[in-house]
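S.K.: Dropping the sequence and predicted coords here.
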Amino acid sequence: MNVYILRHGIAMEPGSPGINTDAERPLIPKGEQRLREAADAMEKMGLSFDAIISSPYLRARQTAEIVAKHFKLQKKLMFSDDLIPGGNPQALIRQLNGLKPAPENILIVGHEPFLSRFIALLASGGTGATIDLKKGSLCKLETEELEYGHCATLAWLLTPRQMELMA
């Protein structure tokens, strides 16, 4: 299984007028544009996804929807509370393993610091590795069997700038 991890795009700052909770923060126009370019780059790389699972927070949902629309996967888009900040990696792994049919390529969209800790957990078995996952970064993990702990290889991590150059 290939697990692709995408951090949400650039969003409004916490405390912006009209934003009452962290969950309500939308992408800004620059964030939306960069994600459309990132989706173009993903397509040029030959990537495809069997399913997309996203945090339900607005900025992550908008990020996932941009990618889903680009790849015509709106019906394969799901949301998981286990991807919100402070989410439960064990529950997320159970959810991913419970998908039928089992996906070969899955895209996960969420937030920091959860995503970098999740990458570290799967690639090293612990959450202490420092991973700089900027907004709009995309990571690929390869695994034979997804389980809690060291089960995957970090194949690559692309910055938003690298994705922009490919678009």
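M.R.: Alright, I've got the coordinates.

S.K.: Looking at the protein, which helix is longest?
M.R.: helix 29-44 (DSSP state H).

S.K.: I'd like the distance from that helix to the chain centre, please.
M.R.: Offset of helix 29-44 from its chain centre (CA atoms, centre = their mean, to the nearest Å): 14 Å.

S.K.: how about that helix: buried residues?
M.R.: For helix 29-44, the neighbour count (16 or more other CB atoms under 10 Å) marks 31-32, 34-39, 41-42 as buried. Yep, even glycine has a C-beta here, placed from its N, CA and C like the rest.

S.K.: can you map out the helices along the chain?
M.R.: Going by DSSP H, the chain shows helices at 29-44, 58-70, 89-97, 114-124, 160-166.

S.K.: Please point out which parts of the fourth one sit buried.
M.R.: Right, helix 114-124. Quick answer for helix 114-124 (16+ other CB under 10 Å): 114-123.

S.K.: One more: the shortest one?
M.R.: Neighbour-count burial for helix 160-166 flags 160, 163-164 (criterion: 16+ other CB under 10 Å).

S.K.: and which of these is nearest Ser48?
M.R.: Met163 (16.4 Å; CB to CB).

S.K.: wait, what's in contact with the closest one?
M.R.: For Met163, the contacting residues are 34, 37-38, 41-42, 136, 138, by CB atoms under 8 Å, 6 or more residues apart in numbering.

S.K.: and Asp82, what does it touch?
M.R.: Applying CB under 8 Å, 6+ apart, the residues near Asp82 are 88-89, 91-92, 95.

S.K.: 7 Å - rerun?
M.R.: Asp82 is in contact with 88, 91-92, 95, counting by CB atoms under 7 Å, 6 or more residues apart in numbering.

S.K.: Spatially nearest residue to it, not counting backbone neighbours?
M.R.: Spatial nearest neighbour of Asp82, chain neighbours left out: Leu92 (4.0 Å); criterion: CB to CB, 6 or more residues apart in numbering.

S.K.: correct me, but that neighbour touches Asp81?
M.R.: No. Counting by CB atoms under 7 Å, Leu92 does not reach Asp81; the two are 9.5 Å apart.

S.K.: Comparing these two, which shows the higher neighbour count?
M.R.: Between Leu92 and Asp81, Leu92 has the larger neighbour count (other CB atoms under 10 Å), namely 21 against 13.

S.K.: mind giving me a markdown table with the contacts of Asp82 and columns for distance to Ile10 and pLDDT?
M.R.: Listed next are those as a markdown table, based on distance: CB to CB, whole Å; pLDDT from 0 to 100:
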| residue | distance to Ile10 | pLDDT |
| --- | --- | --- |
| Asn88 | 26 | 95 |
| Ala91 | 28 | 97 |
| Leu92 | 24 | 97 |
| Gln95 | 27 | 96 |
